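Peer 1: Pasting a predicted model and its sequence here:
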Amino acid sequence: MGPEILIPISFFFCAAFIVRNVLQFKERKLELEARMRGTGALESPRLERIEQAIDAMAVEIERISESQRFVTRVLSERPAEAPALPRSSQSH
């Protein structure tokens with residue numbers, strides 16, 4: 001066996017090796033994409049519920065902060081001289 005036979009045979013094996021690796025890479029990529037599409041469809045309702053819960057919490061937090069601002073404003077506008085509670089006229 002001379003170089004005129006070894007060169008084409010080695011070229012064929014190298015080309016087959018490269019083609020096989022490229023095809024394996026594409027197959028893995030397709031499997032990964034299929035898995036990602038499958039889990040995305042299952043998690044979509046779950047993510048939607050999480051978003052709704054976060055929106056509801058944001059509304060409640062805004063209500064709490066608005067009531068805190070109101071109480072702060074009412075307390076700051078109250079005259080400092082006025083007593084907090086009116087005194088009772090009855091004695092015990």
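Peer 2: Good, I have the coordinates.
Peer 1: How many neighbouring residues does residue 57 have?
Peer 2: Residue 57: 10 surrounding residues under other CB atoms under 10 Å. To be clear about C-beta, it is placed using only N, CA and C from the backbone, and glycine gets the same treatment.
Peer 1: low pLDDT regions in this protein?
Peer 2: For the chain, the stretches with pLDDT under 70 are 1, 38-43, 80-88, 90-92.
Peer 1: let's go with 90 and repeat that
Peer 2: 1-13, 32-48, 74-92 (pLDDT under 90).
Peer 1: Tell me which residue is most central in the chain.
Peer 2: In the chain, the C-alpha closest to the average C-alpha coordinate belongs to residue 47, at a distance of 8.3 Å (CA atoms, centre = their mean).
Peer 1: does that one belong to a helix or a strand, and which?
Peer 2: When elements are defined using DSSP states H and E, residue 47 is found to belong to helix 3-77.
Peer 1: Residue 79: what secondary structure?
Peer 2: Under the three-state scheme (DSSP: H, G, I helix; E, B strand; the rest coil), residue 79 adopts coil.
Peer 1: what's around it, how many residues?
Peer 2: If you count neighbours by other CB under 10 Å, residue 79 ends up with 5.
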